[in-house]
Structure formats: C-alpha cells, structure tokens
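> Structure of the sequence below:
(one chain, ligands or ions: 1)
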Amino acid sequence: MATTALSSHNDGDAAAASGSGPGRMLRVFFLPTFARGHLIPQTDLACLMAAARPGELEATMVVSPANAALIAPAVARAAAAGHAVRVLRCPFPDVGLGDGVECLATAPARDAWRVYRAMELVRPSHESLLREHRPDAIVSDVPFWWTTDVAAELGVPRITFHPVGVFPQLAMNNLFKVRPDIIRMSSDAGAVVSVPGLPGKEITIPVSELPSFLVQDDHLSKTWEQIKACQLAGFGVIVNTFVDLEQPYCEEFSRVDARRAYFVGPLAQPSCSTVHRGGDCDADCLSWLSTKPRRSVVYVCFGSWAHFPATQSRELALGLEASKQPFLWVVRSDDSDSCQWAPEGWEQRVAGRGMVVRGWAPQVAVLAHPSVGAFLTHCGWNSVLEAASAGVPVLTWPLVFEQFINERLVTGVAAFGARVWDGGTRGERAGEAETTVPAEAVARAVAWFMEGGPRREGMEARARELAERARAAVGEDGSSWRDVHRLIDDVVQARASGLLQKEA
Ligand code: UDP
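Alright, predicted model coming up:
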C-alpha cells in the first residue's frame, strides 16, 4: 500500500541506496513526534549520521507534510553538502485540527490533547510505511513504542531517540516507581518528594512541580510502562546530551535504561547554518545584537509550545522594562496574535534597549552571539543544552512537564544558572493567579544577574567550561563523536551478523 510520498534532494544517491546487495547504503528511517523540540534535534541527528558516513548511510525523515516544511531548510543544506538525507511524507491523522496544524507548536493550547491523540493514531500509517519500505534501522521517538514490534518483525534495530537528557529521564523513571506514594502525598499542598535511586546528591522537588502523569491519570501515565518496556526491548537508546554534562547519570542510564546507550549531543552546533532551524525566522535580531556591548543582553524565550498567559506576559514586559537591561524577547505568534501581551505604550518605552521577535528566533545563533550574556529560559531540554553548549549562564523559569526537573540539573548539579523566582507557587497544575511571577521579581532577578557579582561569575565560568566540554565532545574523537560512529558501526554489524535474530 502506497501511503507515503518520498521526496529527495539527491535522487541519484537515493537510487543507489535503494538497490540491494552487500554494498548498498544503510537506510535509516527517523520518526520524530509532533513537537518542534523533538523534530529539530532528530533532523539534526539524521543529518549528522548521513554526514558521518557519506556514501554509506542514507537518512530518511518520516514526517507529516507541515512538519516536512519546518525541516526543509536543514534537509536542503544537508543535500547541498552531498549528504543523503531524504523526506518521506506520512499523512497527519485527522484529529480535528486546522489545515497545516501538525505539531504542539502550532496547535492552540486547548487543542494540545488532539496532537497527543494524533501521536497514537499515526500508528497504522507508520506500520504500513515501515513494512513497505523495509529500512535497515528505525530511529523513533519515545511515544512511538510500537516501532519496536515492527522492527522485530522486519528483523532490524529500533533505536529510541530521546530529546531530553538522562538526568530528567532517570528522575521520572524512578519517580514513576513511587507514583502511588506521590498521589497520596499530592493532597498536601506543601509536599516535597526526594527522587529515589539517583546517583550523586539528593534531589528534592515539590509534588506540585512534578509532571502531571506522575500525579494523576493522563495519556502518558497509561502508556509510560509500555513505552519503557519497548525502549528496553529495543536495540538501544540515543540521547541528545554529552557525557560531561551528566556524567554519573549517563553511567546509571547505560546500566538500567537501555541495552545500548549512545550520548550524541549537543546536536545543535552554533554555526551560520543554524539560522533557519525548525522554522523560518527573522534574522534581523542578529544584526541588532551586534549593536550591543559584549555579554550585555538577556535573551528571553519559552520554547516552542508551552502556554504563556497574557497576564504573565504583561508582568514580564514590565519586569524587563524595570530591569534597565538590554533584552531580546521571543513572543510566539500565537501569544502575540491572540492577546494583549504587553501593556499599552510599552514597545515605544523600551525601543532601542529591547527587541521583541514575534514568532521564531534563530535561537542557536542568538546564543552563540557575543552580545548575549544570559538566557532566561523555560528549561526545555534543547534550550538547556544549547545554553550550556554556547557557554551562556541561565535564569530558570520552568513552566511544564520535566522542565522543573531540568532546572535542578541547571541550578543544583551543573551549576550554571539560578532561578528567576523563588516565591509563590509553581507548577503546571496551579492556576494562573497563583503562579504569575510579578514584574518586580523579574526586574530584580534580571538586574541582579546582569549586573554581575561573585555568584554570577561562578555560573559564567561554569557555563564556559561546559561549552568547552561540549565542543570537545562533538569534535573528532570526542565522546559524542565516538558514540555516533559506534552507533552506526553497531547497526552495520547487527545487519551483517544477524545479531537481531539472536537478541529477539
Ligand atoms: N527554538 C528556536 N527559536 C525559537 C524558539 C525555539 O530555534 O524562537 C528552538 C530551540 O533552539 C530549541 C527548540 O526550538 O532547539 C525548543 O526546544 P526546547 O526543548 O527548548 O523546548 P520546547 O519547545 O520543546 O518546550
């Protein structure tokens, strides 16, 4: 059954790859889920693997039509460099979203559940296209647990791609094991849980800041065990991290959570090629940054999808104004279209000192810019990793899901950031009235952070050290470079030796 349309920027190579016989290219299919924070790094990985073995490995991104458009610039760049990266379009399930709305970033917050539903409903399309194309290996996102079964049926490896680091993964795994206790504790407003079974220092977290699936029933609490079982039954797990960022946790993860673990990050590398990454963006902000003194600007961005209420947005605007510091703030178009996101006259008052990007910023290029001195972030994993890789210290403002856990790594373990706000209530289940961070708190935190002092200098030094280590990890013979090559070698060897049949 032809359910898919294949497009290629390098049909010549693709034709060679599609042949059979011992010398043919290794055909690896990548199946990212419907979120930009997953789609972007998985595309980076596909391009990286194709570049690591030119002429030997062909990477195919299996994506819905609108998501294909988001990754088109990255795929075109890889193709222009002569690397075999292709796109296979797979229909987006009908879940009642508008035309072209195919990921969390573009769906309104109230419709996020439809995107999660689409992640389940895409299963038959995935299964039939995998049977039709019979790739040599499947790299698939965490929620697509069924790809382990299809891979076993085809006798090829399924490797899980994890866009979040091992620290949050281990924490969530271990917390899931004590979920009944957490649910019992959740009626106590001030309950705090200590994450069990983690190496290193004790990590504590208020129950109110835990992801919802650990506290109540939702789509993820129902599938979590299946996802984990399929991950463990699969060939291995790829994680977008580097060992020096999460050393003891990487060792533990390799021991308990994967047959084979590959730590291949940071997948985003600061270079001019990262400008149009994950969407079209306005690159004018890079020229604007060049007009500002070295390390003077605070970059403010809350990722691609987490809802940021209008009331909060206005408080943030006033706080940035009162901080008197230069800032570059990304206001997502869904937030800026639908509401009064800044007070009347605010843009005129901050003109020159602050710049607002509406929509999508070239984040990796922004973080690499010498004028950026701090990143006020929601602590999405990609953002955390990109900040560490660029050597930029962070101010943390987590909003949802595992972001509060990532914050513990940033502030407590890796020590290159500090919280924006310690008062009030935080967490995805609390109401707007309780969680709104007041303008004065924003102003205080931003001014304190940007004005310097010994604590800030310590975080800056630590961020610089992490950036050096990240560079070394992805450089020739670094730990992540070696893991990318080990991954390819393991898959090649599995194909040659029939290892998968023995492991099944
Ligand atoms: N990003 C970007 N421009 C933006 C907002 C986000 O390039 O204006 C990228 C960012 O560099 C990161 C990804 O989108 O790679 C967001 O992933 P993250 O895990 O930080 O957050 P999520 O969007 O999943 O909450």
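> Could you pull up the residues touching whichever residue of the stretch 351-500 of the chain sits closest to the ligand?
Minimum separation of the stretch 351-500 of the chain from the ligand (CB to the nearest ligand atom) falls at Gly380, amounting to 2.3 Å. Using the backbone N, CA and C atoms, a C-beta is placed for each residue, glycine as well. Taking CB atoms under 8 Å, 6 or more residues apart in numbering as the definition of contact, the neighbours of Gly380 are 37, 303-304, 306, 403, 406.
> For it, grab phi and psi.
Dihedral pair for Gly380: phi -60, psi 150, per degrees, to the nearest 10.
> returning to what we had before: among the contacts of Gly380, which are within reach of the ligand?
Restricting the contacts of Gly380 to those within reach of the ligand (CB under 6 Å from any ligand atom) leaves 37, 303-304, 306.
> need the helices for the stretch 201-350 of the chain, in chain order.
Along the stretch 201-350 of the chain, the stretches classed as helices by DSSP state H, counting those that start in this stretch are 219-233, 247-256, 284-289, 310-323, 333-338, 346-350.
> Mean neighbour count, these: which tops it?
Highest mean neighbour count among the helices of the stretch 201-350 of the chain (mean count of other CB atoms under 10 Å): helix 310-323, with a mean of 21.
> State the helix or strand in which Gly82 lies.
Taking DSSP states H and E as the criterion, no element holds Gly82; it sits outside all helices and strands.
> Apart from its chain neighbours, what residue comes closest to it?
Pro54 (6.4 Å; CB to CB, 6 or more residues apart in numbering).
> what's the answer for Glu468, then?
Leaving aside its sequence neighbours, Glu468 is closest to Gly391 (7.7 Å, by CB to CB, 6+ apart).
> count of residues packed around that neighbour?
22 (other CB atoms under 10 Å).
> pretty sure it contacts Ala467?
Yes: under the criterion of CB atoms under 8 Å, Gly391 lies in contact with Ala467, with a separation of 3.2 Å.
> C-terminal to the host helix or strand of Val87, what's the next element?
Element membership of Val87, judged by DSSP H and E, is strand 85-89. For strand 85-89, the following helix or strand on the C-terminal side (DSSP H and E) is helix 112-121.
> if we can go back for a sec, distance of the residue nearest to Glu468 relative to Leu385?
Here Gly391 is placed at a distance of 12 Å from Leu385 (CB to CB, to the nearest Å).
> Next, count neighbours for Val492.
Counted with other CB under 10 Å, the burial measure for Val492 works out to 16 neighbours.
> Give me the spatial nearest neighbour of it, chain neighbours excluded.
Nearest non-adjacent residue to Val492 (CB to CB, 6+ apart): Leu26, at 6.0 Å.
> Ok, Ala81 next?
Nearest one to Ala81, counting by CB to CB, 6+ apart, is Ala51 at 6.9 Å.
> Touching, that neighbour and Ala79? I think so.
No: the pair Ala51 and Ala79 fails to qualify as a contact (CB under 8 Å) at a distance of 11.2 Å.
> in the stretch 1-150 of the chain, which segments are predicted with low confidence?
The stretch 1-150 of the chain contains residues with pLDDT under 70 at 1-23.
> Residue in it with the shortest distance to the ligand?
Distance from the ligand to each residue of the stretch 1-150 of the chain (CB to the nearest ligand atom) is smallest for Gly37, at 2.3 Å.
> A helix includes that residue, no?
Yes: when DSSP: H, G, I helix; E, B strand; the rest coil is applied, Gly37 is found to be in a helix.
> ok, back up a step: so which of the helices of the stretch 201-350 of the chain is nearest Ala374?
Nearest to Ala374 among these is helix 310-323; the distance by CB to CB comes to 10.9 Å.
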